[in-house]
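> got a predicted structure here, sequence first:
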Amino acid sequence: MKYFFIYATFLVSVQCFYDFIPDDIITFSLTANQEDVLLENITEPTLIKGAYQVNHHKDVIDFSVKTPAGKTIYSKMATNKGNFTVQANEIGLYSIIFNNKKKTNQLLTYAVDVVKDKEDKIKSTDIDPLELDIDYIHNGLSELYYDHKFQQIRYESSTQQVKEANKKIYIFTVIETIFIVLVTIWQIWYIKRLYNKRSPLLL
């Protein structure tokens, strides 16, 4: 269920902010101090569009795209999320590389779209108008559903941040209280010591 919420939120952000509908979208765990590579087989010159997002807002990865010849055509270091568009002119396997240099595992969601203009045009002309209307309604309902899930996840994320802040405040308050108690004990001891020194003189 957790992965589904992440998937739904990311799909909404891809469609709304990155302006493309992905062919594939996956959520996977990126092991600590490990590099994972996804391969995209390109059979003709085209565009590769993609987007990625690390689940926790404080975590970052190194991201890059390489051609079949091993040339880096896109890279972004220490990034939490982003999108990319690369022109794939070479035929062969393109490497989509995710590098986790942290000491902890990270949950990552990735979406990709390989643009196929000719195929898309043929498909769109063959679709019956009624099917187009049904598809439009389905997409609208899906967006509403995903938007609801997105708002729910934002609420849960905000709640978690508030809990973390409260925890820090609690720890600081405990430390401050202990410090005040120790200072008070020292002051009492010091005043008592001065009083004991002055007592013989008063007698």
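Right, received. Where do you want to start? As the structure is a computational prediction, the values presented were derived from the model and not from experiment.
> which helix or strand in the chain has the lowest average pLDDT?
Within the chain, no helix or strand scores below helix 2-17, which has a mean of 45 by mean pLDDT, DSSP states H and E.
> I'd like the next helix or strand past that helix.
Of the helices and strands lying after helix 2-17 in sequence (DSSP states H and E), the nearest is strand 24-30.
> tell me which other helices or strands that next one touches.
Counting contacts by 3 or more C-beta pairs under 8 Å, 6 or more residues apart in numbering; DSSP states H and E, strand 24-30 packs against helix 2-17, strand 106-114. Any C-beta I mention is one placed from the backbone N, CA and C, and that applies to glycine too.
> quick one, that strand and strand 106-114 angle?
Going by axes from the mean of the first three to the mean of the last three C-alpha atoms, to 10 degrees, strand 24-30 is angled at 160 degrees with respect to strand 106-114.
> and the next helix or strand after strand 24-30, which residues are buried?
Where DSSP H and E defines the elements, the next helix or strand beyond strand 24-30 is strand 34-42. For strand 34-42, the neighbour count (16 or more other C-beta atoms under 10 Å) marks 36, 38, 40, 42 as buried.
> ditto for stretch 84-98
Of the residues in stretch 84-98, those buried (16+ other C-beta under 10 Å) are 84, 86, 88, 94, 96-98.
> and the furthest pair within those?
A88 and F98 (18.5 Å; C-beta to C-beta).
> just checking, K49 touches V112?
Yes: between K49 and V112 there is a contact under C-beta atoms under 8 Å: 7.1 Å.
> just the strands in the chain please.
Taking DSSP state E as the test, the strands found in the chain are 24-30, 34-42, 46-54, 61-66, 72-79, 81-88, 92-100, 106-114.
> who's in contact with the closest residue in space to L47 that isn't next to it in sequence?
Of all residues not flanking L47 in the chain, V115 sits nearest, at 4.2 Å (C-beta to C-beta, 6 or more residues apart in numbering). Neighbour list for V115: 46-49 [criterion: C-beta atoms under 8 Å, 6 or more residues apart in numbering].
> ok, now with 7 Å
46-47, 49 (C-beta atoms under 7 Å, 6 or more residues apart in numbering).
> what do you get for L182?
Contacts for L182 were tallied using C-beta under 7 Å, 6+ apart; there are none.
> for it, give its distance to I175.
L182 sits 11 Å away from I175, taking C-beta to C-beta, to the nearest Å as the criterion.
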